[in-house]
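1. need coordinates for the following:
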Amino acid sequence: MDIADDKTPLLNKTYGRERNTRLKLALLLIGVIFVAVLIGYSVAFFVHRCPGNAKEDTAISNLLIRSVSAKNIEENLKVLSGVPHLAGTPEGLKTAEYVRDKWLEQGLDSAKLVPYNVMLSYPNPDLPNKVSLLENGTEIFHSALEEKILRPEDYNPNIVPPFNAYSHQGEIEGNLVYVNYGRHEDFKFVQENYPEININGSIVIVKYGKLFRGTKVKLAQRAGAIGVILYSDPAEYALEGESYVYPSSWWLPGTGVQRGNVFDSDAKGDPATPGYPAKPYMYRLDDEDTALPKIPVHPIGYDDARRFLREMTGPEVPNDWRGNLNITYRLGPGFTNTNRKVKLSVHSSREQRTVYNVIGTITGKTEPDRYVILGNHRDAWVYGAMDPSSGTASLLEITRAYGELIVSGRWRPRRTIIFASWDAEEYGLLGSTEYVEEFQSSLADRAIAYINVDMSLVGNYTFYARGTPLLYQAVFEATKKVADPDGTADSLYDSWLAKSAPGADKPRVADMGSGSDFAPFVYRIGVSALDMFYSYDLKKVQHYPVYHSSYETFYCVKTFVDSNFLRSQAVAQVWAEVGRHLGDAVVLPMDTREYGIRIRQAMDAIRELYADKMEQQDIYFDDIYSALDNFTSATERFKTEIDQVNKDNPLEVRNVNDRLMNLERSFIDPLGLPGRKYLRHVVFAPSEHDQYSSSAFAGLVDAMFEIDSDPRPEERWDVVRQQMAVIAYTIQSAAYALLGVAGI
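-> This next block holds a predicted model:
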């Protein structure tokens, strides 16, 4: 049965003819003529008020791309990464004011600070965090309290010591257990294969990598661990050996430590005001009622990790659990010297401070009530030369180029373009989430797209993009206009295609996970989004090595990653052009057919994995594929409608553009995903088992995750049945939305 056929017929109504008097006929005729004249005048007036309605000045595209300067980006980065600028500090506020003043100087229509009072976390300078090795209760070794300064130029008294934001306070002692990357399958392996190793009541040590650090802590807490130690193993962070590291290369030295938050929740943003903006009047949860960790967590460098790991006892780990520390990796528990234990001391605070988004605008000339948003976060754990300052440096160059066109009077976009410099992203997307929460109604009604560049580059191998399918077309078209910075192909598009999807007809655009400021736009309110940067080779490197350390400096970027800043320039040019095209095109550069293709690919993969198991429970995919067929048909019909739209008719244009804009909203379930009410996008959402990774149809996939081992499988199967119905309903609703009046 076609799911679309299940409709309640509308009652047919007929109206009988009536004999009318000549007076009634005359009055009716006068009324019709009056309404017709009024409508005609209104349309003519609206068209007159929309000059150049059918025109998009393509010369502006070329001018904008050419005006983006690599040298300016380099100078911007030198300034922005010159001092540490952690969220909630005086340096953080100074950086916000610097961006605001730059935007006003560049000629944007407005630029302002938007403050929020949020819960943040900082180390206690009088009680440093550390991991200690105890023998008979006496400390014989402790982890470094600060990262070693390897270049005199890198010293600054405001460098925050290594810590994990939002860790629980405490001083705990116990046996040490090694649990690989701290994934679900790692804890499960230990529990099933070594029942004598009791994670409950132990302190676990796990490697950074594979999944979000906060998820590692959440899983350790569930397993009964009383504390977590995180470290970066040279197997991922020093691939060319420990002797060839910063400052001789970009690889992480043994003294380097990755900072980062450990806040794992579907309610990203201020932990004390989930779902609502952190304004002074807002009700706040008590600390113990938030979703923050209940156990202490602390990161260390691999030099210090070696000292603990080499003394551990217990079975040797599997081959794929070993790192490159040149030791025998063992599971534990504890040490070969039974008089020794590990002590974890964390004294970090959780306190309320003010953070500042900077919001700049260029008001649209024709559709000022439609917004294209370009955003990047500004706060950094230390210098943040790649994350996020490379992105901020590019954003300042883009706004300079836009502002130059505005001030000259040569161009003003059709739609309003908003520039956002977010604060406190590193703490869990606080600035962007609070902004979306405060202006949710306006943004949900008016925002066309959010284009994010967290960092312009993290490597020098290839351009990388992830996004929702409606924006594939825009990024494809933009990269075709930008030169390949390495000179190996005719365009950035061609080099991206060759490296991301050799043999395919289009480059690969990845699905979105979380971990950056696009998340509240996509997953809360259904705004199409795109995130992009220049990347390392994902097949060889798991993450850029100096990530969130004090060695992530301008020197590192200039010397090892982008010496002439041409890669940074290429990303900025794409960013500027995507924003211009979305802001200026008469008909939005969005292809709904891409959505149908991606949804079908995702559902085919899920069916391949789970169909047999589901059929044993009398659960079938028929309704979902019926809805998919209808959606695909609707996208084809809509493409024909767009091709035939009269671009001189503003009402026709507005009609198709609104349906394009609102298609993403069609995939929002106001009730949210099961157990995660703040994640509302049915098609795309972060995996429950890793906030960083994306999971298409996460509600269904998470429900099926190891369902057979669940102690209450029937409850989980009910969730599966519910999600199958929600998916079919949502896809069909999206098809109706595309068809407009014909779909009702």
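2. could you dump stretch 120-134 to CSV, C-alpha only?
-> Taking C-alpha atoms only, stretch 120-134 is exported to CSV below (Å, rounded to 0.1, in the frame of the first residue of the first chain):
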residue,chain,number,x,y,z
LEU,A,120,32.2,27.3,33.0
SER,A,121,35.1,25.4,34.6
TYR,A,122,38.7,26.3,35.5
PRO,A,123,41.7,24.7,37.3
ASN,A,124,42.4,26.0,40.8
PRO,A,125,45.8,27.8,40.7
ASP,A,126,46.4,27.1,44.4
LEU,A,127,45.5,23.4,44.2
PRO,A,128,46.9,22.0,40.9
ASN,A,129,45.3,18.9,39.3
LYS,A,130,47.6,15.9,39.0
VAL,A,131,47.9,12.2,38.8
SER,A,132,50.2,10.7,41.5
LEU,A,133,51.9,7.4,42.0
LEU,A,134,51.8,6.3,45.6
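3. which SSE is immediately downstream of whichever helix or strand residue 356 is part of?
-> Assigned by DSSP states H and E, residue 356 falls within strand 349-362. Using DSSP H and E, the next helix or strand after strand 349-362 towards the C-terminus is strand 367-377.
4. what mean pLDDT does that following strand get?
-> Strand 367-377 shows a mean pLDDT of 98.
5. buried residues in the next helix or strand after it?
-> Moving toward the C-terminus from strand 367-377, the next helix or strand (DSSP H and E) is helix 389-408. Neighbour-count burial for helix 389-408, counted by 16 or more other CB atoms under 10 Å, picks out 389-406. From N, CA and C alone the C-beta is placed, and that goes for glycine too.
6. give me the distance from helix 389-408 to the chain's centre.
-> Centroid separation for helix 389-408 versus its chain: 22 Å, with CA atoms, centre = their mean, to the nearest Å.
7. that older thread, show me what the strand holding residue 356 is packed against.
-> If you count contacts as 3 or more CB pairs under 8 Å, 6 or more residues apart in numbering; DSSP states H and E, strand 349-362 packs onto helix 90-106, strand 110-122, helix 389-408, strand 415-422, helix 430-438.
8. which one, of these, ends up nearest to residue 563?
-> In terms of CB to CB, the element of the helices and strands packed on strand 349-362 nearest to residue 563 is helix 389-408, at 13.6 Å.
9. just the element for the residue lying closest to residue 497 once chain neighbours are set aside, please.
-> Spatial nearest neighbour of residue 497, excluding adjacent residues (CB to CB, 6 or more residues apart in numbering): residue 507 at 4.5 Å. Assigned by DSSP H and E, residue 507 falls within no helix or strand.
10. what's around residue 507, how many residues?
-> 23 (other CB atoms under 10 Å).
11. now it: how far from residue 569?
-> Per CB to CB, to the nearest Å, residue 507 is found 19 Å from residue 569.
12. can you check residue 349 too?
-> Distance, residue 349 to residue 569, using CB to CB: 41 Å.
13. between those two, which is the more surrounded one?
-> Using other CB under 10 Å, the more surrounded residue of residue 349 and residue 569 is residue 569, with 26 against 11.
14. does the most centrally placed residue in the chain sit in a helix, a strand or a coil?
-> The residue lying closest to the centre of the chain (CA atoms, centre = their mean) is residue 516, at 3.3 Å. Put simply, residue 516 is coil when judged by DSSP: H, G, I helix; E, B strand; the rest coil.
15. per-residue pLDDT of the residue nearest to it when sequence neighbours are not counted, please?
-> Leaving out its chain neighbours, the residue that sits closest to residue 516 by CB to CB, 6+ apart is residue 454, at 4.4 Å. Per-residue pLDDT puts residue 454 at 97.
16. contacting residues for residue 454?
-> Applying CB atoms under 8 Å, 6 or more residues apart in numbering to residue 454 gives the contacts 376-377, 387-388, 391, 425, 516-517, 531, 533.
17. ok, those residues vs residue 272, which is closest?
-> residue 425 (17.4 Å).
18. ok, now how distant is the residue nearest to residue 516 from residue 487?
-> Note on residue 454: its distance to residue 487, by CB to CB, is 26 Å.
19. make sure I have this right: residue 229 is in a helix.
-> No. If the criterion is three-state DSSP, then residue 229 is strand and not within a helix.
20. out of the helices and strands packed on strand 349-362, flag the one nearest residue 218.
-> Nearest to residue 218 among these is strand 110-122; the distance by CB to CB comes to 16.5 Å.
21. buried set for that closest one?
-> Residues of strand 110-122 classed as buried: 111, 113-122 (neighbour count, 16+ other CB under 10 Å).
22. with stretch 519-539 instead?
-> Applying 16+ other CB under 10 Å to stretch 519-539 flags 519-536 as buried.
23. just put the buried residues of strand 110-122 in a markdown table and tack on pLDDT.
-> Compiled in a markdown table, the buried residues of strand 110-122 are given as follows (pLDDT from 0 to 100):
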| residue | pLDDT |
| --- | --- |
| 111 | 98 |
| 113 | 98 |
| 114 | 98 |
| 115 | 98 |
| 116 | 98 |
| 117 | 98 |
| 118 | 98 |
| 119 | 98 |
| 120 | 98 |
| 121 | 98 |
| 122 | 98 |
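24. quick check, nearest of the residues you listed to residue 648?
-> residue 111 (35.1 Å).
25. enumerate every residue touching that closest one.
-> When contacts are counted by CB under 8 Å, 6+ apart, residue 111 touches 99-101, 103-104, 358-361.
26. so which of these is surrounded by the most neighbours?
-> Neighbours here mean other CB under 10 Å. Within the contacts of residue 111, the largest count is held by residue 103, at 27 neighbours.
27. quick one: residues contacting that residue.
-> By CB under 8 Å, 6+ apart, the contact list for residue 103 reads 111, 358, 360, 399, 403, 419.
28. please repeat the previous calculation with a cut-off of 10 Å.
-> Applying CB atoms under 10 Å, 6 or more residues apart in numbering, we find residue 103 in contact with 109-112, 358-362, 395-396, 399-400, 402-403, 419, 421.
29. for the spatially closest residue to it that is not a sequence neighbour, give its distance to residue 117.
-> Nearest in space to residue 103, with sequence neighbours left out and distances taken as CB to CB, 6+ apart, is residue 111 at 3.8 Å. In this view, residue 111 and residue 117 are 21 Å apart by CB to CB.
30. helix or strand with the lowest mean pLDDT in this protein?
-> When each helix and strand of the chain is scored by mean pLDDT, DSSP states H and E, helix 22-48 comes last, with a mean of 45.
31. tell me the buried residues in whichever helix or strand comes after that one?
-> Following helix 22-48 in sequence order, the next helix or strand is helix 58-67 (DSSP H and E). By neighbour count on 16+ other CB under 10 Å, the buried set for helix 58-67 is 60-61, 63-65, 67.
32. okay, those residues in CSV with pLDDT and distance to residue 698 next?
-> As requested, the buried residues of helix 58-67 are exported to CSV (pLDDT from 0 to 100; distance: CB to CB, whole Å):
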residue, pLDDT, distance to residue 698
60, 96, 40
61, 96, 37
63, 97, 42
64, 98, 37
65, 98, 37
67, 98, 41
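33. and which of these is nearest to residue 645?
-> Distances from residue 645 to the buried residues of helix 58-67, taken by CB to CB, are shortest for residue 61, at 21.3 Å.
34. ok, back up a step: so which of the buried residues of stretch 519-539 are in helices?
-> Secondary structure defined by DSSP state H assigns 519, 525 of those to helices.
35. now go through the buried residues of stretch 519-539 and say which are in strands.
-> 528-535 (DSSP state E).
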